[in-house]
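Enquirer: build the 3D model from these lines:
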Amino acid sequence: MLHFDTSSTQSHYTIMATKTRGYVAIGYPESLDPNWLEILSDTHVQIVISPLHNKDTNEDGTIKKEHYHILVLFDGPKTIEQAQAIFDSIKATKCQPVNSVRGQSRYLCHLDELNKVVYDTGDVTCLNGADYYSLIELPTNKYQAIRDMVEFINYNKIYSFSDFFEYCSMNNENWFRSLCDNSAFIIKEYLKAKTWTSDAKQSDRYSFRDVSSYQVPSKEKEGKNE
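Expert: Predicted structure coming up:
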């Protein structure tokens with residue numbers, strides 16, 4: 001909650017005590033406690049830690065100091081003082097409340113930052129049951145995943161769902177999760193249709209016409225033709 005003070009000519013605001021579920025702080029490798037991961041694990045609070053940000057740049061092009069973004073997610077609302085106690089225990093910076101857990105989670109790897117280095121989501125560290133992929137998922141992600149899988153299937157001439165599923169389980173966590181959660185049926189049906197299309201004779205195949213200029217006949221024209 002923001003409280004604005006208009007008693008002086010220079011407007012400013014102070015942050016009033018409030019509670020929220022998520023808090024984030026920065027940890028510098030040389031300042032963090034040597035056992036900081038163990039200390040965080042012992043809190044039994046869900047925590048997500050970014051990959052080491054070692055490629056971020058300042059406005060003048062110089063490399064920023066290496067750092068981690070540490071996101072703490074309580075089961076329920078907590079005060080900033082309660083959150084800061086955790087960050088103090090590992091010698092991190094002052095924490096800030098998180099307005100959007102999804103937005104902050106995606107920022108850990110700069111997934112939506114066009115002018116920043118994007119870090120590998122596979123390098124994110126999750127503690128105490130935190131699930132990073134569920135935090136960053138967008139409604140549109142599943143559709144893009146299906147498009148990407150179809151493109152991969154076509155490029156590699158895959159016809160077996162089991163082969164593709166095994167590949168995803170070993171090599172692509174995003175696709176594997178997508179198949180397990182919601183896209184297995186459509187991919188199976190696509191592979192079935194793809195197999196039928198491959199086996200069909202060329203003379204039995206059909207071509208698609210561009211329908212961009214197609215116009216549905218009006219009822220008036222239909223009446224004249226009767």
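Enquirer: pLDDT score for the nearest residue to Phe164 once chain neighbours are set aside?
Expert: In this structure, Phe164 finds its nearest non-sequential neighbour in Ile158, 5.2 Å apart by C-beta to C-beta, 6 or more residues apart in numbering. Placement of C-beta: from N, CA and C, glycine included. At Ile158, the model reports a pLDDT of 93.
Enquirer: from what I see, Ile158 and Thr195 are in contact.
Expert: No. Using C-beta atoms under 8 Å, Ile158 is not in contact with Thr195; the gap is 10.3 Å.
Enquirer: what residues does the residue nearest in space to the middle of the chain make contact with?
Expert: Among the residues of the chain, Ile136 comes closest to the average C-alpha position under C-alpha atoms, centre = their mean, at 2.9 Å. Contacts for Ile136 were tallied using C-beta atoms under 8 Å, 6 or more residues apart in numbering; they are Arg102, Ser105, Arg106, Cys109, Leu111, Thr121.
Enquirer: now list the buried members of those.
Expert: Buried members of the contacts of Ile136, scored by 16 or more other C-beta atoms under 10 Å, are Ser105, Arg106, Cys109, Thr121.
Enquirer: wait, a strand at Lys142?
Expert: No. Per DSSP: H, G, I helix; E, B strand; the rest coil, Lys142 lies outside any strand segment and is helix.
Enquirer: that one against Ser178, yeah?
Expert: Yes. With contact defined as C-beta under 8 Å, Lys142 counts as touching Ser178 (6.0 Å).
Enquirer: so which of the two has more stuff around it?
Expert: For Lys142 versus Ser178, neighbours defined as other C-beta atoms under 10 Å are more numerous around Ser178 (24 against 17).
Enquirer: check which helix or strand that one maps to.
Expert: helix 173-178 (DSSP states H and E).
Enquirer: contacts for that helix?
Expert: Here helix 173-178 has contacts from Thr121, Gly122, Tyr133, Asn141, Lys142, Ala145, Ile146, Asp148, Met149, Phe165, Cys168, Ser169, using C-beta under 8 Å, 6+ apart.
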